[in-house]
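Colleague: Pasted the sequence and its predicted model underneath.
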Amino acid sequence: MLNIFNSYIKKSSKNIYLDLFIFFKTQIENGTIKEKLPPIRQTAQALNISTNTVVKAYLELEKYKYVESKPGSGFFICYSTIYENNDHLSFENEDTLYQYFSEDIKFDFINSSPNISFLPVKDIQNSINFILNRDKEKALIHSGPLGSSNLRISIFNYLKKYNIKSSVDNIHILSGAQQGIDIISKALIFPGDIVVVEKPTYLGALNTFKKQGAKIKEVPILSDGICLSSLEYILKKDKIKFLYLMSNFQTPTGISISNEKKEKLIELSKKYNFFILEDDSSADLFYTNNYPYPIRSLNDENVIYIKSFSKIFMPGFRLGFCIIPSSILIDFLNLKKLINLDSSTLYQEAFAHLLNENLIEKQMLLSRKKYKTIQYLIIYELKKISDISFFTPKGGLSIWIKLPHNISGKAIYTKLLRKKTLIVPGYIYSSNLDNYIKLNYAQISETNIKEGIKLLKNTILELQFFEL
């Protein structure tokens, strides 16, 4: 078997451990290796490479749950028990997928964190200094589970611009959107409760609902958002706890729900008595002339609204907020007090200052301009690839692509990884979406777009050739 590897790798490869990882990963997936990896020393000697290189490859396999190490016994295969059933649920979320390779990557179409070159370091520094001078030691103590009152008031005023009305008492600070999803799930879901999601949807939310014991019902997405007829078919048969969706620039498709459907969703939530859990973390990155108003702008108490600023501004601060309906506010607060993962008071107060000085909107405007240009350049290059299909989202940081017939997104990912290029394979969302890939463009530079997309094009052509 190791003789095959010698012919598999490129002799000039500078990342042998990556080649070895991919080789064993493929052998495990196709069933060639069924029980145990060869001993580290044996592999190193057979391939004339260092034991450190072998160890690094084996540890990557363990990280992604292909193998399990047993001290003194070696690395044993565990792939079949984890991947064959729900391989798309083995990752907490797509943003952390394969990040262990980041140091070796040249073209990054997987990371959705803001490009650090876009961040307004000077404004943030000035704001932090302002708060330290104003509040002294008080800026360094915990603000409590409710969050900074100054920040909650600033968000209250910020939301008015987007026609979102709420009491300050219903606005609560989060350590990112995922914390809000976690707390709300624990507050509302009992084992066996039905939660409806879009198909496909954000993995972090989907995994959270499953961990709470929810029964998941999926509804397909159309070009103007969630399919209402499919949703109502479920509602007529079953009592659901809530509907989770991303109303603007949905992950992974980039689709936004039309205004007509947003109004209809409110009607359905009242008719069938369920909550809408609206994740609206990408709305600020819109590339049209008009802000894409969320469902919560219709100001209905059936909408639980979550928004994170981490995706587009100060990712290290881990700040977001939610608007909780009064009917579940006590349950939410009791759980939040128990978890007590409040964000830094200094960061909260600094962010409130940035909001009050309109510096957040200034940064959003600059980010929209830069990312719109990047999206345009990517679309321009993608149009040179035959037999793929996609639509251009009106905002967000990703493009969802359908590959040519019989081309696997998993195969695309594997081949591109060897070329120091990362993309998101569609199969992580669902086993029947292997014919899709997602390109995140938060980190890609304008100068790398042409070459990166050319690598994608050539990889597709290579796989099509082998299909002939």
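Modeller: The structure has been received and is ready for your questions.

Colleague: Secondary structure of Phe23: a helix, I assume?
Modeller: Yes - counting by DSSP: H, G, I helix; E, B strand; the rest coil, Phe23 is located in a helix.

Colleague: for the helix or strand harbouring Leu354, packing partners?
Modeller: Take DSSP states H and E as the rule and Leu354 turns out to sit in helix 345-356. Secondary-structure packing of helix 345-356 (3 or more CB pairs under 8 Å, 6 or more residues apart in numbering; DSSP states H and E): helix 121-135, helix 149-160. Just so you know, the C-beta spots here come from the backbone N, C-alpha and C atoms, and that holds for glycine as well.

Colleague: Highest mean neighbour count out of the ones you listed?
Modeller: helix 149-160 (a mean of 18; mean count of other CB atoms under 10 Å).

Colleague: That one versus helix 345-356: what angle between them?
Modeller: Angle of helix 149-160 versus helix 345-356, following axes from the mean of the first three to the mean of the last three CA atoms, to 10 degrees, is 30 degrees.

Colleague: what's helix 149-160 packed up against?
Modeller: If you count contacts as 3+ CB pairs under 8 Å, 6+ apart, helix 149-160 packs onto strand 171-174, strand 320-323, helix 345-356.

Colleague: Pretty sure Gln363 sits against Ile124.
Modeller: No - counting by CB atoms under 8 Å, Gln363 does not reach Ile124; the two are 9.4 Å apart.

Colleague: How about Phe156: what's its closest non-neighbour residue?
Modeller: Val168 (5.0 Å; CB to CB, 6 or more residues apart in numbering).

Colleague: who touches Lys307 in this structure?
Modeller: Applying CB atoms under 8 Å, 6 or more residues apart in numbering to Lys307 gives the contacts 177, 279-281, 283, 320-322.

Colleague: just how off-centre is the helix or strand hosting it within its chain?
Modeller: Using DSSP H and E, Lys307 maps to strand 303-308. Taking CA atoms, centre = their mean, to the nearest Å, one finds the center of strand 303-308 at 16 Å from the center of the full chain.

Colleague: again, but for stretch 441-450
Modeller: Centroid separation for stretch 441-450 versus its chain: 19 Å, with CA atoms, centre = their mean.

Colleague: which other residues reach that stretch?
Modeller: Contacts of stretch 441-450 with the rest of the structure, by CB under 8 Å, 6+ apart, involve 106-109, 111-115, 311, 371, 373-375, 377-378, 381, 397-399, 452.

Colleague: What ranges does the stretch 351-468 of the chain have for its strands?
Modeller: Per DSSP state E, counting those that start in this stretch, the stretch 351-468 of the chain carries strands over the ranges 398-402, 421-422, 424-425, 436-440.

Colleague: In this structure His178 contacts Gly204, no?
Modeller: Small correction: residue 178 is Gln, not His. Yes - counting by CB under 8 Å, Gly204 is a contact partner of Gln178 at 5.3 Å.

Colleague: which one of those two has more residues nearby?
Modeller: Using other CB atoms under 10 Å as the criterion, Gln178 and Gly204 rank with Gln178 on top: 23 against 20.

Colleague: Tell me the first helix or strand C-terminal of the helix or strand hosting that one.
Modeller: Gln178 is located in helix 177-188, with elements delineated by DSSP H and E. On the C-terminal side of helix 177-188, the closest following helix or strand by DSSP H and E is strand 194-199.

Colleague: per-residue pLDDT, Ser102?
Modeller: Looking at Ser102, its pLDDT is 53.

Colleague: Name the member of the contacts of Lys307 with the most neighbours.
Modeller: That'd be Asp279 among the contacts of Lys307, by other CB under 10 Å, with 29 neighbours.

Colleague: circling back: contacting residues around the residue nearest to Phe156?
Modeller: 149, 152-153, 156.
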